[in-house]
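*Asks:* One predicted model, sequence on top.
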Amino acid sequence: MARKATDCRDAPSVSGCSLYMSGEEEELERAAVQHVVDVHEHTDSPELRAEIRASMKEPFPGT
């Protein structure tokens with residue numbers, strides 16, 4: 001599997017979160033779901049997971 005990344009700065013956030021994560025797609029999805037539930041107070045759902053997967057992009061070089 002290819003590495004992917006997600007960046008909280010790409011989505012509007014009341015907290016102004018700047019977390020950037022990268023990893024294999026499955027592990028990134030798990031970590032991102034945990035983060036948005038714990039920090040951004042979203043509810044885990046199939047729709048949330050689909051949004052997270054859709055937001056994944058190629059990581060910055062060296063990450």
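*Replies:* Perfect, I can see it now. Numbering: from 1, shown residues only.
*Asks:* Now do the SS call for the nearest residue to Arg9 once chain neighbours are set aside.
*Replies:* Leaving aside its chain neighbours, Arg9 sits nearest to Ser18 (5.5 Å; criterion: C-beta to C-beta, 6 or more residues apart in numbering). In short, each C-beta sits where N, CA and C put it, glycine included. Here Ser18 is coil, with the state taken from DSSP: H, G, I helix; E, B strand; the rest coil.
*Asks:* what about Ser18, distance to Val39?
*Replies:* 11 Å (C-beta to C-beta, to the nearest Å).
*Asks:* List the buried residues of the longest helix along the chain.
*Replies:* Identified as the longest helix of the chain according to DSSP state H is helix 25-38. Neighbour-count burial for helix 25-38 flags 28-29, 31-33, 35-36 (criterion: 16 or more other C-beta atoms under 10 Å).
*Asks:* ok, back up a step: from the neighbour counts alone, determine which of Ser18 and Val39 ranks first.
*Replies:* Val39 (13 against 9; other C-beta atoms under 10 Å).
*Asks:* contacting residues around the more buried one?
*Replies:* 15, 17, 19 (C-beta atoms under 8 Å, 6 or more residues apart in numbering).
*Asks:* now Lys4
*Replies:* Per C-beta under 8 Å, 6+ apart, neighbours of Lys4: 22-25, 28, 56-59.
*Asks:* Can you select the buried ones among those for me in ChimeraX?
*Replies:* The ChimeraX selection below is limited to those of these classed as buried (16+ other C-beta under 10 Å):
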select :22,23,28,56,59
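*Asks:* For the contacts of Lys4, work out which two are farthest apart.
*Replies:* Spatially, the most separated pair among the contacts of Lys4 is Glu24 and Lys57, at 14.2 Å (C-beta to C-beta).
*Asks:* what about Met56, distance to Met21?
*Replies:* Applying C-beta to C-beta to Met56 and Met21 gives a distance of 10 Å.
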